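>>> Here is a sequence together with a model predicted from it:
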Amino acid sequence: MKPKAITVLSLQFIFNSYLMKKTVLLVEDDFLNRRLSKKILVENSYAVLEAKNAHEALGILKKETITLAILDINLGEHEQDGITLGQQIKDEFSVPFIYLTAYETPEIIDRAVSTSPYSYLTKPFKNSDLIASVEIAIRQSINVQKRKPFIAVKDGEYNVELAVDEIDYIESDGNYLLFYAGQKTYKLRSTIKGIMTELPASTFVQTHRAYIVNKNKVEKSTNRCVVIGNKEIAVSEGYRFSKD
């Protein structure tokens with residue numbers, strides 16, 4: 001029997017399937033654990049790139065398009081751990097990630113949660129748990145990308161989502177931050193340093209130890225201050241402001 005001819009439509013289907021392939025970066029120092037996890041992922045139609053440490057993982061992230069990263073927290077003695085790698089991925093690549101770990105100490109959980117992973121799996125795990133966590137993380141990240149970035153803040157006693165591009169400037173007030181947006185002011189228990197990691201560096205700049213400004217909202221500026229609305233915001237020595 002002659003093989004069926006490959007039609008234009010079938011070629012298009014193959015091409016589309018290739019484009020839709022989800023690529024997972026698997027960062028695991030233990031060869032056997034890495035091989036097992038890769039096998040599970042490949043059997044469920046994921047493309048898998050492997051790294052045994054943070055250095056290899058960052059090299060891959062710079063070259064490849066990654067849908068999701070799976071990070072083992074313990075990447076070996078004298079190696080950068082998975083949590084610091086997760087923070088770096090969040091800051092530099094905006095790739096969603098989940099953690100794998102054999103440890104569940106409160107300290108590790110607190111550190112891990114602070115980096116905003118999409119999931120956290122404890123070894124040993126079921127095959128179905130890994131695939132469910134991966135798929136949920138990918139779908140959630142797609143939904144997040146479709147939405148405008150926001151910061152969860154307080155409007156009086158209510159929790160609200162404040163769109164990042166609506167923020168005029170932020171002021172430190174003791175243990176809290178005050179977010180000024182138009183005629184409204186919102187509140188969040190945080191620090192200037194902490195909130196800077198959540199804001200796009202291309203838009204927000206710190207001008208003073210107590211102030212962050214949205215560069216797009218600045219109406220005029222001097223070497224000593226910027227003006228947003230009727231508010232003059234100091235630019236202190238050691239901090240610089242540029243619209244570029």
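On my side now, so go ahead. Numbers count the residues shown, from 1 in each chain.

>>> centroid residue for the protein?
The residue lying closest to the centre of the chain (CA atoms, centre = their mean) is K90, at 3.4 Å.

>>> per-residue pLDDT, that residue?
pLDDT for K90: 86.

>>> And the residue lying closest to it once chain neighbours are set aside, its phi and psi?
Distances taken as CB to CB, 6 or more residues apart in numbering put T115 closest to K90, at 6.0 Å, once the chain neighbours are dropped. The C-beta positions use only the backbone N, C-alpha and C, and glycine is treated the same way. Per-residue torsions, T115: phi -90, psi 0 (degrees, to the nearest 10).

>>> so what's T115 up against?
I83, G86, Q87, K90 (CB atoms under 8 Å, 6 or more residues apart in numbering).

>>> Columns distance to K220 and secondary structure on top of these, output as JSON lines?
Formatted as JSON lines, the contacts of T115 follow (distance: CB to CB, whole Å; DSSP: H, G, I helix; E, B strand; the rest coil):
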{"residue": "I83", "distance to K220": "43", "secondary structure": "helix"}
{"residue": "G86", "distance to K220": "40", "secondary structure": "helix"}
{"residue": "Q87", "distance to K220": "36", "secondary structure": "helix"}
{"residue": "K90", "distance to K220": "34", "secondary structure": "helix"}
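
>>> For T203, state which of those residues is nearest.
Comparing the contacts of T115 against T203 with CB to CB picks out K90 as the nearest, at 17.1 Å.

>>> With T84 as the reference, measure out to that closest one.
11 Å (CB to CB, to the nearest Å).

>>> what does V213 give?
29 Å.

>>> In terms of pLDDT, where does the spatially closest residue to G86 that is not a sequence neighbour sit?
For G86, ignoring the flanking residues on the chain, the nearest one in space by CB to CB, 6+ apart is T115 at 4.5 Å. Note for T115: predicted pLDDT of 90.

>>> Many thanks, have a good one.
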